[in-house]
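Peer 1: here is a sequence together with a model predicted from it:
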Amino acid sequence: MEFKVIDSKDNKRYKLFKSLYLKKNRDKYKLFLLEGKKLLLEAIGEELDVENIICTEKFIENFDFNEKYLDKVIILSEKLFKNLTELTNSEGVITVVNYIEDKNISSKNIICLENVSDPGNFGTIVRTANAFGIKDILTINCVDKYNSKVLRATMGAMFRTNIVDCEIEKIKELQKDGYRLISTTLSENSKILEDFKFDGKNIVVMGNEANGVSAEMLRISNAHLKIDMDNSMESLNVSIAAAIIMYKIYKN
């Protein structure tokens, strides 16, 4: 089969692909980019709505495409692909995927991320949540879940996790539906994680890397929680703290 080849930077499709590194354009077209063979296979395996598969001729030579995706393949010249990729050592493939629809919240235990701006931390939390059976993550004013660094950090876990961007009003609605709101904070009145019981339905809030959980979230919380640790350390990285708490929930 002959594939469509793009070799001009003025090509409209190429310009569209290039524009998707900006959130405003991702939101406009409802498309995002996945770079690398692993994420391509994850997208296919999870049956995501793949729009295009952009690759080099070298990648085509070493990858056996399912017939279902052949008409989605677009070949870029090596020069154009180097201008498109963010990676120094790219594998030569970028998948263009339609936005994933949010699902209804259904989990007994939910993680809520508030003002988490670091893509690596965000992605690591999503990946860890997937490992410990957390199906729903709420985000309030966080880094975009379709940010390329976030997607690489999740290593495909995002496709198996319902990540819903919301406002604090959504949290209040879930409280009315019987969820207990638990905010992590290093206050004297916080309960120690080791002694805490995750009974019933719970939302655990992890805050900004520098400032923690917001004052409003702390005010409406049903409980405050902290991880017991040596006093010589002021705080933990948010992804590490989240991992410890999610493991506790998993074992509970």
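Peer 2: Arrived safely, thanks for sending. Numbers count the residues shown, from 1 in each chain.
Peer 1: can we go C-alpha only for contacts and neighbour counts from here?
Peer 2: OK.
Peer 1: spatially central, which residue of this structure would that be?
Peer 2: residue 145 (4.4 Å; C-alpha atoms, centre = their mean).
Peer 1: wait, that one touches residue 151, no?
Peer 2: Yes - counting by C-alpha atoms under 8 Å, residue 145 touches residue 151, with 7.2 Å between them.
Peer 1: surely residue 208 and residue 121 touch.
Peer 2: No - counting by C-alpha under 8 Å, residue 208 stays clear of residue 121, with 10.3 Å between them.
Peer 1: which residues are in contact with the helix or strand hosting residue 40?
Peer 2: Assigned by DSSP states H and E, residue 40 belongs to helix 37-45. For helix 37-45, the surrounding residues in contact (C-alpha atoms under 8 Å, 6 or more residues apart in numbering) are 34, 50, 91, 93-95, 152, 155-156, 159.
Peer 1: returning to what we had before: which residues do residue 208 and residue 121 both contact?
Peer 2: residue 238.
Peer 1: more neighbours, those two?
Peer 2: residue 121 (22 against 18; other C-alpha atoms under 10 Å).
Peer 1: which elements pack onto whatever helix or strand the more buried one lives in?
Peer 2: Counting by DSSP H and E, the element that carries residue 121 is helix 119-131. Taking 3 or more C-alpha pairs under 8 Å, 6 or more residues apart in numbering; DSSP states H and E as contact, the helices and strands that helix 119-131 lies on are helix 148-154, helix 238-251.
Peer 1: what's downstream of the first one, the next helix or strand?
Peer 2: Looking back up the chat, that one is helix 148-154. strand 162-165.
Peer 1: list the pairing partners of that next one within its sheet, with orientation.
Peer 2: strand 136-140 (parallel) (DSSP bridges).
Peer 1: the partner strand to helix 119-131, inter-axis angle?
Peer 2: 160 degrees (axes from the mean of the first three to the mean of the last three C-alpha atoms, to 10 degrees).
Peer 1: could you list the buried residues of the helix holding residue 40?
Peer 2: Residues 37, 39-40, 42-43 are the ones in helix 37-45 that count as buried (16 or more other C-alpha atoms under 10 Å).
Peer 1: distance to residue 64 for the residues you listed - can I get that in a markdown table?
Peer 2: Output for these, formatted as a markdown table (distance: C-alpha to C-alpha, whole Å):
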| residue | distance to residue 64 |
| --- | --- |
| 37 | 12 |
| 39 | 15 |
| 40 | 12 |
| 42 | 15 |
| 43 | 15 |
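Peer 1: out of these, flag the one nearest to residue 198.
Peer 2: Residue 198 lies nearest to residue 42 out of the buried residues of helix 37-45, by C-alpha to C-alpha, at 31.9 Å.
Peer 1: what's the local residue count around residue 77?
Peer 2: What residue 77 shows, counting by other C-alpha under 10 Å, is a neighbour count of 15.
Peer 1: do residue 57 as well
Peer 2: Residue 57 has 16 nearby residues by other C-alpha under 10 Å.
Peer 1: next: residue 157.
Peer 2: Neighbours of residue 157 using other C-alpha under 10 Å come to 22.
Peer 1: let's number from 37 now, not from 1
Peer 2: OK, 37 is where the count begins now, so the last one is residue 193.
Peer 1: tell me who's in contact with the residue nearest to it when sequence neighbours are not counted.
Peer 2: Distances taken as C-alpha to C-alpha, 6 or more residues apart in numbering place residue 163 nearest to residue 193, at 5.1 Å, with adjacent residues excluded. Contacts for residue 163 (C-alpha under 8 Å, 6+ apart) come out as 189-194.
Peer 1: tabulate these (CSV), appending pLDDT.
Peer 2: Listed next are the contacts of residue 163 as CSV, based on pLDDT from 0 to 100:
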residue, pLDDT
189, 94
190, 94
191, 90
192, 92
193, 94
194, 94
